[in-house]
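no sequence for this one, just the structure:
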Ligand SMILES: NC(=O)c1ccc[n+]([C@@H]2O[C@H](COP(=O)([O-])OP(=O)(O)OC[C@H]3O[C@@H](n4cnc5c(N)ncnc54)[C@H](OP(=O)(O)O)[C@@H]3O)[C@@H](O)[C@H]2O)c1
């Protein structure tokens, strides 16, 4: 079987194709024939050597992937050959709160899914609903779960409340779709025409163009009659946190998914924008297997399919990474496994 390993992060040819035999599943493990895998921003950062957490040298790339169970260890009870499954971002975090000792990540500290076969513990897998094709099934693990948990992991979001998303990255696209399934109104801030079109097609009610309106919080407040957004899916951290805080309702939630940036955040807790409100800043890091399963159940109930941007063949994985890094498309970048 073939697998792409990140042998030389930070170099132009850091992603290296390896040939070998698939491992045999241990007693609680499952052998999966991978049909599709998908990229996330952190995969590009890992390959370029800029991810803030250390990746294991030579790790098989990508957290996101889906395939068919082809063999199971003798103690496996959750799956049978023929089942369609996808991997959970933190293979050892099944439910409850994340703890540091559960923080292994697929495609970072443990082997991921950019391979023709993968062996995973049965606890690290979720069943894929029938309405998803392989590209869709491979797309939930990171961005889909992060968006789902951003919306559902804190104070209950009610139908009719307003969700704000920033940009047309994969987390934002999923957040628009999930927010609509929860009956929420969605405002999206975007700086690109294609991004704005995709956000609107997925159900965003209002698009604010950040090229024309760099201080977009004023427009968010205007669109909400002065009240502000009930929940902000904050995907850009230092670059946007000040505008996000100014956009949030008095008791709003700001779900901070990214804290890395080239410059310090333009927000101090003493600033009137924050000090004068009771908004909560909540940190999230993707989610547990239970979150993945809940997101997939919600997707099945609403016929939700991920927005796919571009698909590549297995042989084209390096090109897929380059196209993703260069933001050539909007929506998930998917790599189809051979066969
Ligand atoms: N904590 C977690 O659980 C978690 C999970 C997944 C991802 N993340 C992080 O969340 C971030 C988003 O990831 P992603 O994959 O959804 O998207 P991404 O590919 O990083 O999003 C890029 C898009 O965001 C918009 N954007 C860029 N700079 C912006 C700015 N200064 N203000 C407003 N919008 C801006 C642009 O969209 P437009 O062209 O439409 O403006 C751009 O195409 C990444 O940093 C990623 O590492 C965190």
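Nice, thanks for sending it over. Remember, it's a predicted structure, so these values are computed and weren't measured experimentally.

Residue 302 touches residue 181, doesn't it?
Yes. If you go by CB atoms under 8 Å, residue 302 and residue 181 touch, sitting 4.4 Å apart. All C-beta spots, glycine's among them, are computed from the backbone N, C-alpha and C.

can you tell me which residues contact the closest residue to the ligand within the stretch 1-150 of the chain?
Residue nearest to the ligand within the stretch 1-150 of the chain: residue 146 (3.4 Å; CB to the nearest ligand atom). Shown in contact with residue 146 (CB atoms under 8 Å, 6 or more residues apart in numbering): 171, 174, 257, 284, 285, 286, 287.

Mind telling me the two of these farthest from one another?
Using CB to CB, the contacts of residue 146 reach their maximum pairwise distance at 174 and 285, which is 15.6 Å.

ok, the two, which is more surrounded?
A direct count of neighbours by other CB atoms under 10 Å for residue 174 and residue 285 places residue 174 higher, at 30 against 14.

need the next SSE after the host helix or strand of the more buried one, C-terminal direction.
Per DSSP states H and E, residue 174 falls inside helix 170-181. Once the chain leaves helix 170-181, the next helix or strand it forms, by DSSP H and E, is strand 185-190.

how big is the angle separating whatever helix or strand comes next after that following strand from helix 170-181?
Moving toward the C-terminus from strand 185-190, the next helix or strand (DSSP H and E) is helix 193-202. Counting by axes from the mean of the first three to the mean of the last three CA atoms, to 10 degrees, helix 193-202 points 20 degrees away from the direction of helix 170-181.

is the helix holding residue 174 up against the ligand anywhere?
Yes. Counting by CB under 6 Å from any ligand atom, contacts between helix 170-181 and the ligand involve 170, 171, 172.

Please tabulate those residues in a markdown table, including the columns pLDDT.
Listed next are the residues of helix 170-181 next to the ligand as a markdown table, based on pLDDT from 0 to 100:
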| residue | pLDDT |
| --- | --- |
| 170 | 98 |
| 171 | 98 |
| 172 | 98 |
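
between those, which is closest to the ligand?
Of the residues of helix 170-181 next to the ligand, the one sitting nearest to the ligand (CB to the nearest ligand atom) turns out to be residue 171, at 3.3 Å.

Pull the contacting residues for that closest one.
143, 146, 147, 150, 165, 233, 235, 257.

What about the residues you listed, which are in helices?
146, 147, 150 (DSSP state H).

I'd like these laid out as JSON lines, including distance to residue 207 and pLDDT.
Output for the ones in helices among the contacts of residue 171, formatted as JSON lines (distance: CB to CB, whole Å; pLDDT from 0 to 100):
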{"residue": "146", "distance to residue 207": "21", "pLDDT": "98"}
{"residue": "147", "distance to residue 207": "18", "pLDDT": "98"}
{"residue": "150", "distance to residue 207": "19", "pLDDT": "98"}
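
Now do the buried residues in the longest helix along the chain.
Counting by DSSP H, the longest helix found in the chain is helix 289-302. Within helix 289-302, the residues that count as buried by 16 or more other CB atoms under 10 Å are 289, 291, 292, 293, 294, 295, 296, 298, 299.

How about the residues of the chain by the ligand?
40-42, 142-143, 146, 166-172, 189-192, 195, 210, 235-236, 239-240, 257-258, 284-286, 327.

Now a ChimeraX select for only the buried ones of these.
For the buried members of these, the matching ChimeraX selection, counting by 16+ other CB under 10 Å, is:
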select :40,41,42,142,143,146,166,167,168,169,170,171,172,189,190,191,192,195,210,235,236,239,240,257,258,284,286,327
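
just how off-centre is the helix or strand of the chain with the lowest mean pLDDT within its chain?
Every helix and strand in the chain was compared by mean pLDDT, DSSP states H and E; the lowest is helix 272-275, with a mean of 88. Chain-centre distance of helix 272-275: 30 Å, with CA atoms, centre = their mean, to the nearest Å.

Could you shift the numbering so residue one becomes 50, and keep it that way?
OK, 50 is where the count begins now, so the last one is helix 321-324.

which SS class is the closest residue to residue 354 other than its chain neighbours?
Nearest residue to residue 354, sequence neighbours excluded (CB to CB, 6 or more residues apart in numbering): residue 185, at 4.9 Å. Of the three states, residue 185 takes helix under DSSP: H, G, I helix; E, B strand; the rest coil.

Please determine how far residue 185 is located from residue 98.
Distance from residue 185 to residue 98, counting by CB to CB, to the nearest Å: 31 Å.

Now do the buried residues in stretch 129-144.
Neighbour-count burial for stretch 129-144 [16+ other CB under 10 Å]: 132, 133, 134, 135, 136, 137, 138, 139, 140, 141, 142, 143.
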